[in-house]
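Undergrad: this is the structure alone, sequence omitted:
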């Protein structure tokens, strides 16, 4: 999923997340790493919450700010939600231990804080999609997938 999308309300955000989830679930790719880049308050966790719901996660997806990572499961997929605002030692080791045989989505908030060599190492095991979220003057959100 590549391109730019203007999101004006939560209904449009839910629709965008549902479209991405449908592509993930129907993909033959086993793993996706979603690198979220955005300023504070732009909607990273809100988007991830809607994505989790669309992926069939029954638990409420919440911010991993204070714990560093949340792991959610549905029948079809595992969702790992990381906060990389302060990149903690061991993140690379944690990702190395994941069983990449079962379909997974890893959402890394504050991905702009990650080292490029780390991102390159992740690309070996998974498809990587960058999502940049920008707040527009009218408080809408511009989502750019690349």
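TA: Sure, I can see it. Model, not experiment: these values are computed from the prediction.
Undergrad: doesn't residue 18 lie inside a strand?
TA: No - counting by DSSP: H, G, I helix; E, B strand; the rest coil, residue 18 is located in no strand; its state is helix.
Undergrad: list the contacts for the closest residue in space to it that isn't next to it in sequence?
TA: Distances taken as Cβ to Cβ, 6 or more residues apart in numbering place residue 54 nearest to residue 18, at 4.4 Å, with adjacent residues excluded. (C-beta placed from N, C-alpha, C; glycine too.) Residue 54 makes contact with 14, 17, 18, 20, 21, 22 under the criterion Cβ atoms under 8 Å, 6 or more residues apart in numbering.
Undergrad: make it 6 Å
TA: Contacts for residue 54 (Cβ atoms under 6 Å, 6 or more residues apart in numbering) come out as 17, 18, 21.
Undergrad: repeat for residue 136
TA: residue 142.
Undergrad: quick one, grab the pLDDT at it.
TA: The model reports residue 136 with a pLDDT of 94.
Undergrad: which pLDDT does the model give the residue nearest to residue 18?
TA: Residue 54 is given a pLDDT of 96.
Undergrad: what's the distance between the residue nearest in space to the middle of the chain and residue 136?
TA: The centroid of the chain falls nearest to residue 107 when counting by Cα atoms, centre = their mean (2.8 Å). Remark: distance between residue 107 and residue 136 (Cβ to Cβ, to the nearest Å) = 23 Å.
Undergrad: this protein: strands as residue ranges?
TA: 3-7, 31-38, 69-73, 78-83, 104-109, 127-135, 141-145 (DSSP state E).
Undergrad: need these in JSON lines with distance to residue 49, can you?
TA: Shown next, in JSON lines, are those (distance: least, Cβ to Cβ, whole Å):
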{"stretch": "strand 3-7", "distance to residue 49": "14"}
{"stretch": "strand 31-38", "distance to residue 49": "12"}
{"stretch": "strand 69-73", "distance to residue 49": "10"}
{"stretch": "strand 78-83", "distance to residue 49": "9"}
{"stretch": "strand 104-109", "distance to residue 49": "10"}
{"stretch": "strand 127-135", "distance to residue 49": "14"}
{"stretch": "strand 141-145", "distance to residue 49": "14"}
